[in-house]
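Peer 1: 3D model of this:
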Amino acid sequence: MIIGKKVEKPVLIAKEYQAEYRIEGEKAEFVRYLGEEEEYEVPSFLDHYPVTRVGAYAFSEHRNLDSVHLPPQLEEIGAHAFYNCRGLKELSLYDKISEIEDGAFKNCGNLSHLTLYTMPDHKLVIKNILMDSTEGIGVTIYFEDGEKRERAEVVFPPYLVEYEENTPARICEKQAYGSGERYRHCLYDGQLNFEQYDGLFDFAVAVDSLEYPIRIAVNRLRYPYSLKEDGKTEYERFLKENNRKVLDYYVQREEQEVLEWMLKEKKLSKKEMNLAAELCRKHQKNSLLPMLMEYQNRNFKPEKKTFSL
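Peer 2: Presented below is the predicted three-dimensional model:
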């Protein structure tokens, strides 16, 4: 018997999906993306076979690619599959993925949001993606259990790692700046420890730019999955103490949904509502003013003028 290198199945082309693919057994491998679209959805089936693997270098160097949606039955992402996809900002995926090989998302410096669909007791598959980047990344997690769906919104801040030489000891010591590495270590054994995540908030306030504590606090309060009372109290205290900066952040970005949430939850006093309107005018975000005026008219009756003779 001659034992040699495994012969790979031939590569086929699916013009409809602008893709090269390979059939192995009863499964399909997505070998190479051939298109130039900014948004792409990897097909669930090719030749009626489920796509279970995105191959090595499948999307590499597609620098204009903006967002990718991976199919529910995908099990593997090959090495350097998205290498140097510098324009990639959004990725959505499912928890059936069991392996993400080395460097799959290396040099994807603009990747800023992940959406993961999972079950409450299933392993999360995002740590390898997060560890491939030192930039800030927001993550939406949908926990689906039958007809029930719960949502969590978390932010993993950026961080910087430097190695400083310790000459007497003849070693290089690792030094991490920012809270991002610590937040990433809240993911272990395939689960996100929400209590540990929330417990890092004071550290994030101390070492990160204010943008990240603001986003963390707002997201955890809007979608309080596994949020304990002490964490809730801390986030609310922070937002109250930094109300001007919080409002300024969301007004400048015209994030109407967040401002609507603040109004709906009655998180804005009359003074804060007036401040929000002032910031809208300052930053020329006049499209937000009707929402604020409606809230004012509904909740704060105008003061009656009195005249003295």
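
Peer 1: where does the stretch 201-309 of the chain have low pLDDT?
Peer 2: The model of the stretch 201-309 of the chain has pLDDT under 70 over residues 301-309.

Peer 1: Please repeat the previous calculation with a cut-off of 90.
Peer 2: Counting by pLDDT under 90, the stretch 201-309 of the chain contains low-confidence residues at 263-274, 293-309.

Peer 1: Distance check, Ser179 against Ser133.
Peer 2: 15 Å (CB to CB, to the nearest Å). Yep, even glycine has a C-beta here, placed from its N, CA and C like the rest.

Peer 1: Of all the residues in stretch 202-214, which ones are buried?
Peer 2: Of all the residues in stretch 202-214, those buried under the rule 16 or more other CB atoms under 10 Å are 204-205, 207-208, 212-214.

Peer 1: do the same with stretch 135-143
Peer 2: Those would be 135-141, 143, for stretch 135-143 by 16+ other CB under 10 Å.

Peer 1: cool, stretch 15-22 as well?
Peer 2: So stretch 15-22, judged by 16+ other CB under 10 Å, has buried residues 17, 19-22.

Peer 1: Ends of that stretch, what's the gap?
Peer 2: Length of stretch 15-22, first residue to last, CA to CA, to the nearest Å: 14 Å.

Peer 1: ok, residues contacting the host helix or strand of Gly138?
Peer 2: Following DSSP states H and E, one finds Gly138 within strand 137-145. The contact list for strand 137-145, computed with CB atoms under 8 Å, 6 or more residues apart in numbering, reads 111-120, 124, 126, 130, 149-156, 192, 215, 219, 225.

Peer 1: contacting residues around the nearest residue to Ala277 once chain neighbours are set aside?
Peer 2: Using CB to CB, 6 or more residues apart in numbering and skipping the chain neighbours, the partner closest in space to Ala277 is Leu292 (5.0 Å). Contacts were defined as CB under 8 Å, 6+ apart; by that measure Leu292 touches 259, 263, 273, 276-277, 280.

Peer 1: Ile214 too?
Peer 2: With CB under 8 Å, 6+ apart, Ile214 has these contacts: 239, 242, 245-246, 249.

Peer 1: where does the stretch 51-200 of the chain have low pLDDT?
Peer 2: 98, 102, 119-125, 127-128, 131-133, 144-148, 161-177, 189-190.

Peer 1: circling back: JSON lines for the buried residues of stretch 202-214, including distance to Leu91 and secondary structure?
Peer 2: Formatted as JSON lines, these follow (distance: CB to CB, whole Å; DSSP: H, G, I helix; E, B strand; the rest coil):
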{"residue": "Ala204", "distance to Leu91": "24", "secondary structure": "helix"}
{"residue": "Val205", "distance to Leu91": "28", "secondary structure": "helix"}
{"residue": "Val207", "distance to Leu91": "27", "secondary structure": "helix"}
{"residue": "Asp208", "distance to Leu91": "23", "secondary structure": "coil"}
{"residue": "Tyr212", "distance to Leu91": "20", "secondary structure": "helix"}
{"residue": "Pro213", "distance to Leu91": "25", "secondary structure": "helix"}
{"residue": "Ile214", "distance to Leu91": "24", "secondary structure": "helix"}
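
Peer 1: can you map out the helices along the chain?
Peer 2: 127-131, 180-184, 194-199, 201-207, 211-222, 229-241, 243-252, 256-264, 270-282, 289-299 (DSSP state H).

Peer 1: Tabulate those helices in JSON lines, adding columns for distance to Cys85.
Peer 2: Compiled in JSON lines, these are given as follows (distance: least, CB to CB, whole Å):
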{"stretch": "helix 127-131", "distance to Cys85": "12"}
{"stretch": "helix 180-184", "distance to Cys85": "20"}
{"stretch": "helix 194-199", "distance to Cys85": "27"}
{"stretch": "helix 201-207", "distance to Cys85": "28"}
{"stretch": "helix 211-222", "distance to Cys85": "24"}
{"stretch": "helix 229-241", "distance to Cys85": "34"}
{"stretch": "helix 243-252", "distance to Cys85": "28"}
{"stretch": "helix 256-264", "distance to Cys85": "28"}
{"stretch": "helix 270-282", "distance to Cys85": "36"}
{"stretch": "helix 289-299", "distance to Cys85": "37"}
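
Peer 1: Relative to Ala58, which of those helices is closest?
Peer 2: Ranking the helices of the chain by distance to Ala58, with CB to CB as the measure, places helix 127-131 first at 15.2 Å.

Peer 1: I'm done for today, thanks for sticking with me.
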